[in-house]
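Colleague: predicted model follows, preceded by the sequence.
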Amino acid sequence: MNQLAVKNFKHPDESLDLSGHGKRDTVMIDGMPVELSEFRKGWRWSNDVKPIAGTDSCQMHHLGYCVEGHLTVHMNDGTDKDIHAGDAFEIPPGHDAEVVGDESVVLVDFGKAFDNK
């Protein structure tokens, strides 16, 4: 569908509480999700999302932008990478991640864009 589309995260199509340490709101545009996530101090994927996902590590491919905060990504191969406010990122499947410091992390994720590759 090639048409003009605008959605606002104040009215997400889906909202998910992440064990009290954050939330993820999703809007669907042309069948593709765009996610706005906030991870609070103490959030870690393996603690807060793993029980929901049911996998040992995150198996999603993420493409996005960090609006605020500091996140460290731990790849299954042992590689670590820091993501800071202002960074665009690509994270392949097979990772864990955690908030660093006291500031919340806010991300916009276009990860499903990889479904079209």
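Modeller: Sure thing, it's come through.
Colleague: which residue ranges form the strands in this structure?
Modeller: Using DSSP state E, the strands of the chain run over 14-17, 22-29, 32-39, 62-68, 70-75, 80-84, 88-91, 95-99, 105-109.
Colleague: residue 46: which of the ones you listed is closest?
Modeller: Residue 46 sits nearest to strand 95-99 of all these, at 4.8 Å, using C-beta to C-beta. Yep, even glycine has a C-beta here, placed from its N, CA and C like the rest.
Colleague: run a quick neighbour tally on residue 38.
Modeller: Applying other C-beta atoms under 10 Å, we find 19 residues neighbouring residue 38.
Colleague: make that residue 48, sorry
Modeller: Residue 48: 20 neighbours (other C-beta under 10 Å).
Colleague: before we move on, what about residue 86?
Modeller: For residue 86, using other C-beta under 10 Å, the count is 9.
Colleague: and the lowest-mean-pLDDT helix or strand in the chain, how far from the chain's centre?
Modeller: Within the chain, no helix or strand scores below helix 50-53, which has a mean of 89 by mean pLDDT, DSSP states H and E. Averaging C-alpha positions (C-alpha atoms, centre = their mean, to the nearest Å) puts helix 50-53 14 Å from its chain's average.
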